[in-house]
Each structure stands twice: as C-alpha cells, then as structure tokens.
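J.: Based on what follows, work out the 3D shape:
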Amino acid sequence: MEKLYVTAELLVQPQYIDEARLLLTTLANNSLQDEGCESYEILACTTERNRLSTCELWSGSQAEAAHWQVDHVKTTVEQLKAFLLQPAVVKKYNLVQNKMFSG
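T.: Predicted coordinates:
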C-alpha cells in the first residue's frame with residue numbers, strides 16, 4: 001500500500017493563534033492514536049506568525065479517509081473554522097523520492 005502525505009495550510013486570525021495551536025496540538029496527539037497515522041507534525045511559519053501548517057503521514061489512503069470520520073477530527077475541524085481567516089487548504093501527496101542526508 002502506498003503511503004499518503006497530507007498537508008493543511010491554515011491562516012489564523014492573529015488574536016486566535018494560541019487557541020488554534022492548542023487545538024492543532026490536541027488534534028495531532030489524538031490523530032497519532034488513529035490506525036495508520038505514522039506522523040503528525042504542526043509547523044509555524046517563520047515569516048507570518050498567524051500561518052500554521054500540518055504535515056501528516058498515513059499508511060495509505062484508506063487510513064487517511066477513515067481519519068476524517070473520527071469524532072475528534074470532525075469536532076476539531078468545526079472549532080478551527082471560527083479561528084481561520086479563510087478555509088484551510090488541504091493537499092494530498094504520494095512520495096516520488098526519499099533521499100536523506102547521511103552526513
């Protein structure tokens with residue numbers, strides 16, 4: 001089964017950045033318990049304090065699709081909507097090549 005990488009970019013209303021970070025941290029911790037979730041990272045933009053991204057790695061598209069049906073995901077997505085300046089941009093990727101620096 002081919003692994004699936006999922007990113008989400010979120011532009012948060014500046015006054016809600018702390019709340020959004022807390023929600024995303026909780027989402028990541030809960031998602032790591034979901035079957036097929038291999039990694040879930042939260043990234044903060046270095047030039048725009050209110051821009052956050054998530055980067056997820058799933059064992060396959062079925063596991064990722066099931067993730068969206070779990071209550072903790074549905075609840076968090078709804079809560080996050082109130083903090084965003086625009087809808088989140090979610091993109092899904094398959095790995096083309098993996099080269100790691102072995103220094």
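
J.: In terms of secondary structure, what does the longest helix seen in the chain contact?
T.: Criterion DSSP state H: the longest helix present in the chain is helix 17-31. Here helix 17-31 touches strand 37-44, strand 51-58, helix 71-81, going by 3 or more C-beta pairs under 8 Å, 6 or more residues apart in numbering; DSSP states H and E. Where you see a C-beta, it was placed from the backbone N, CA and C, and this is true even at glycine.

J.: Which one of these lies nearest to Ala28?
T.: The closest of these to Ala28 is strand 37-44. By C-beta to C-beta, the value is 4.2 Å.

J.: Tell me how far that closest one lies from the chain's centre.
T.: Offset of strand 37-44 from its chain centre (C-alpha atoms, centre = their mean, to the nearest Å): 6 Å.

J.: That one: which residues count as buried?
T.: 37, 40, 42 (16 or more other C-beta atoms under 10 Å).

J.: Kindly report the same for stretch 22-32.
T.: For stretch 22-32, by 16+ other C-beta under 10 Å, it's 23-24, 27-28, 30-31.

J.: do the same with stretch 75-85
T.: Quick answer for stretch 75-85 (16+ other C-beta under 10 Å): 76, 80, 83-84.

J.: Quickly list what the residue positioned nearest the centre of the chain is bridged to.
T.: The chain has Thr54 as the residue nearest its centroid, 3.3 Å off, counting by C-alpha atoms, centre = their mean. On the basis of DSSP bridges, Thr54 is bridged to Ala8, Ile42.

J.: What are the neighbouring residues in contact with it?
T.: Thr54 makes contact with 6-8, 10, 24, 27-28, 40-43 under the criterion C-beta atoms under 8 Å, 6 or more residues apart in numbering.

J.: can we see that at 10 Å?
T.: 6-10, 24, 27-28, 31, 40-43, 88, 90 (C-beta atoms under 10 Å, 6 or more residues apart in numbering).
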